[in-house]
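Q: Provide a 3D model corresponding to the input given below.
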Amino acid sequence: MVEPRAPKYQRLRRVEALREEIDVILEGELADPRIGLVAVSEVVLAPGGKTARVFVRVDGEEESDEQTLAGLNAAKGFVRHQLADRMGLRHPPELVFVIDRSEQYKSRIDELLGRTRKRRKS
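A: Numbering: from 1, shown residues only. Alright, predicted model coming up:
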C-alpha cells in the first residue's frame, strides 16, 4: 500500500526533529556520570507514533556501552518531558534506547572481505 505523500514527509520531518532534539538533550543536559559520549544515529518511530526506538552510538569501550544504556534508561522520563516541552507534544513517544553497533559490524565485514580478497589473489 502506498502512503500518501504529505503524511509521509510530515512523518520524516517529525522523526528528524525528534533525532535532533534528543541529540541536543543527551549532549548537554544530562549530568549522569554513567552516560559517556553519545550521539543519536537514528530514530525509528512506530507506525502509531507511540514509541520511538532511539539508536545511539557510544564512544568508548564495550563496558561503557552497558553503563551508558543504563544511564539513558534512567533518564528516559526526563528526556520525554524535555521533548514534550521543546516540541510542543501533548503525548511524546515512549523512548526505547538501543546501542547502535553498525560501525562495528561494518568494520568486521570490511575485514572479512579483505581476507577473502587476499586469498583469491594467492
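Q: Residue 41 should be in a strand, yeah?
A: Yes - per DSSP: H, G, I helix; E, B strand; the rest coil, residue 41 lies within a strand segment.
Q: Quick one: residues contacting it.
A: 55-57, 100, 102 (CB atoms under 8 Å, 6 or more residues apart in numbering). Where you see a C-beta, it was placed from the backbone N, CA and C, and this is true even at glycine.
Q: what about 7 Å?
A: Taking CB atoms under 7 Å, 6 or more residues apart in numbering as the contact definition, residue 41 lies against 55-57, 100.
Q: Buried residues of the helix or strand containing residue 17, list them for me.
A: Following DSSP states H and E, one finds residue 17 within helix 5-28. Residues of helix 5-28 classed as buried by neighbour count (16 or more other CB atoms under 10 Å): 14-15, 18-19, 21-23, 25-26.
Q: Distance to residue 6 and pLDDT for these - can I get that in CSV?
A: Rendered in CSV, the data for the buried residues of helix 5-28 read as follows (distance: CB to CB, whole Å; pLDDT from 0 to 100):
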residue, distance to residue 6, pLDDT
14, 13, 91
15, 15, 92
18, 19, 94
19, 21, 93
21, 22, 94
22, 25, 94
23, 26, 92
25, 29, 92
26, 31, 90
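Q: which SS state does the residue sitting nearest the centre point of the chain fall under?
A: Note on the chain: the residue nearest the mean C-alpha position is residue 55, at 2.1 Å, using CA atoms, centre = their mean. In three-state terms, and counting by three-state DSSP, residue 55 is strand.
Q: coming back round to it: relative to residue 48, which of the contacts of residue 41 is nearest.
A: residue 55 (19.4 Å; CB to CB).
Q: Does that closest one touch residue 95 like I think?
A: No - the criterion here is CB atoms under 7 Å, and residue 55 misses it with residue 95 at 11.4 Å.
Q: so what's the residue nearest to the centre of the chain bridging to?
A: Note on residue 55: beta-bridge partners residue 42, residue 98, judged by DSSP bridges.
Q: Any figure for the gap between it and residue 105?
A: 13 Å (CB to CB, to the nearest Å).
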